[in-house]
Each structure stands twice: as C-alpha cells, then as structure tokens.
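Q: please work out how this folds:
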Amino acid sequence: MNNPSITAAYTRSSTGPSAGPPAEESAVPSAVGGVPAASPADALAHFAARMSFETDVSDVHADLEAGVPNLVVVDVRSDEAWEQGHVTGAIHLPTNRIAADGARIVPADALVVTYCWGPGCNGATRGALEFARLNRRVKEMRGGFEYWAREGLAVETAQGRSLRPADPLTAPLASPACGC
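A: Numbering: from 1, shown residues only. The predicted model follows:
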C-alpha cells in the first residue's frame, strides 16, 4: 500500500469482538496486519469450511493410490481436453452433461471430486455445483489438471499412461506429496 491515508486506515486497531488482541503500536505499518486477523474461532470455522469444499492434487492422488472406496474423480472438461490428457482413474463427465447423466453414472454414496484445467478456470466449481444439485457429496480439486501434470503424476491419453517431470516449483522432486 503506497497511499498513506489508506495505510493508516488499515493499521488502526479494531476493538470488535473477533478482532483479537489489539495490535501494538508500530512505526512501521504492516501490509499483513493492517486488517486485523480473524479470531481463532472465526479462523477455525473458515478454514474447516474451506477444507470441506476443497481438496488438492496430492490428497486426491494419495486416495486413488490407496484405493479409497467410493471416491469418484470427475473430469468436467470438454471431449477435446479429455483426449489431450486426464487424471488416471477419473471419469469423463463434462459439466453440461452432469444434470442429465450424473445421478446415473455416479453412485449416491460416492464422494465426488471435480477438476477442470487449473486454478484459472472455474469449471470444477461449476461441476461441483451441479453434483451438489444432484444431492451428491462433492469437493473441488484445487489446481486442476494443470497441477496434476505439473506435480509429475500419471496422465492418461489414448496412447496410454505417461509421466511428465515434476515442476520443482509445485512439488518436491523426490516425492509425489509435499509433506504439508
């Protein structure tokens, strides 16, 4: 923040019930602490809620490898995108077909994980919304197909399975899991 009046407004301490302890006065304004952090109770509710709606590539991979029952990974992209490569073990059900075919294809007791291209695309969110409308438990896979491939996990095409080298900015080179 380069505007001193905005910086001052953000660095004033809040006395609201969820603001937490007042910030100590400092001569150096904080870009991070300029807006007070949520209370621990509010943070707990927020982050728990996020985890109930989202999962990540590493966790999906681990569950697929472990053979976790009733997990259904759904690629909601177009036919052309599916043919370009997809998560091994996923089913292909483009978003525009979920309302018509989803209840028939995906068991009612399944935990559905939707994915699309990547973090710049909200197709997985649209697909998850459609599964929620079908009364299915659903999560969205953060990172989508882009991060699946960038983390060096198996990609399937009509030619078979392939592995791409892991991008060291997205995954440790020695392991498919980040350890977080």
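
Q: find the centremost residue of the chain, please.
A: Among the residues of the chain, R142 comes closest to the average C-alpha position under Cα atoms, centre = their mean, at 2.1 Å.

Q: who's in contact with that one?
A: By Cβ atoms under 8 Å, 6 or more residues apart in numbering, R142 lies in contact with 54-57, 119. Where C-beta positions appear, they are placed from N, C-alpha and C, glycine not excepted.

Q: T114 and T125, how far apart?
A: 8 Å (Cβ to Cβ, to the nearest Å).

Q: of these two, who's got more company?
A: Neighbour totals were compared for T114 and T125, and T114 leads with 27 against 16 (other Cβ atoms under 10 Å).

Q: what does the helix or strand where the more buried one lies rub up against?
A: Element membership of T114, judged by DSSP states H and E, is strand 111-115. Identification of contacts with strand 111-115 by Cβ under 8 Å, 6+ apart yields 55, 60, 70-76, 87, 90, 106, 124-125, 127-128, 131, 136-141, 144-145, 148.

Q: mind running it again at 7 Å?
A: Applying Cβ atoms under 7 Å, 6 or more residues apart in numbering, the contact partners of strand 111-115 are 55, 60, 70-76, 87, 106, 124, 127-128, 131, 136-141, 144-145.

Q: and these, which of them are in helices?
A: Mapping the contacts of strand 111-115 onto helices (DSSP state H) picks out 60, 124, 127-128, 131, 144-145.
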